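Participant: sequence first, then the predicted structure, then my questions.
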Amino acid sequence: MKYLCGYMITWTVYGTWLQGNKRGYVKNGKTLLPNKNLENANKSSMKSTAFRLNKQQKDIVRQIIISEAEKNGQEILALSVCSNHIHLVAKPCKFEIHKLVRNYKSKSWHALKATGVKQKVWTKGYDKRFCFSIEKLKGKIEYVNNHN
């Protein structure tokens, strides 16, 4: 049986990395090639304009994630809060990943709302990459740390 050393979670800011994007995109754990028609269809179905986190908002989101992780007993190994997405590498903890992500998104959205943000901030869902070796985990940590 393989031992889960940790995982990387990624979620995106609303409207900034649509399915079909020229950079490629992830769906159901698979990286897919660009598809301009799909990207255009997704753009036309957006309910509000794309959102990007500014420096102050990135700091707020970072602090919320760190604080909530501490409350949940989740050890963060690397964290990158960018204007259009979040990368988090962590060790496994007692909570399911989808509950952790839901909590991070919800708490940070409420904190952003308190600063005047009125529109949708996060896209639906997230991507997770499991690490079953220390080498894979170190690779994810390095990727995220170099992402900042």
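Facilitator: Nice, thanks for sending it over.
Participant: in three-state terms, label residue 128 for me.
Facilitator: strand (DSSP: H, G, I helix; E, B strand; the rest coil).
Participant: ok, which stretches of this protein are helices?
Facilitator: 36-44, 55-72, 97-114, 134-147 (DSSP state H).
Participant: for the third one, packing partners?
Facilitator: Right, helix 97-114. Under the contact definition 3 or more C-beta pairs under 8 Å, 6 or more residues apart in numbering; DSSP states H and E, helix 97-114 sits against strand 6-12, helix 55-72. From N, CA and C alone the C-beta is placed, and that goes for glycine too.
Participant: and it, how far out from the chain middle?
Facilitator: Centroid separation for helix 97-114 versus its chain: 11 Å, with C-alpha atoms, centre = their mean, to the nearest Å.
Participant: buried set for it?
Facilitator: 97, 100, 101, 103, 104, 105, 107, 108, 109, 111, 112 (16 or more other C-beta atoms under 10 Å).
Participant: same question for the second one.
Facilitator: Buried residues in helix 55-72, defined by neighbour count with 16+ other C-beta under 10 Å: 57, 58, 60, 61, 62, 64, 65, 68, 69, 72.
Participant: partners of residue 129 in the sheet?
Facilitator: residue 8 (DSSP bridges).
Participant: tally of neighbours for it?
Facilitator: Residues lying near residue 129 (other C-beta atoms under 10 Å) number 17.
Participant: please report the distance of it from residue 51.
Facilitator: 24 Å (C-beta to C-beta, to the nearest Å).
Participant: now residue 4
Facilitator: The gap separating residue 4 from residue 51 is 33 Å, by C-beta to C-beta.
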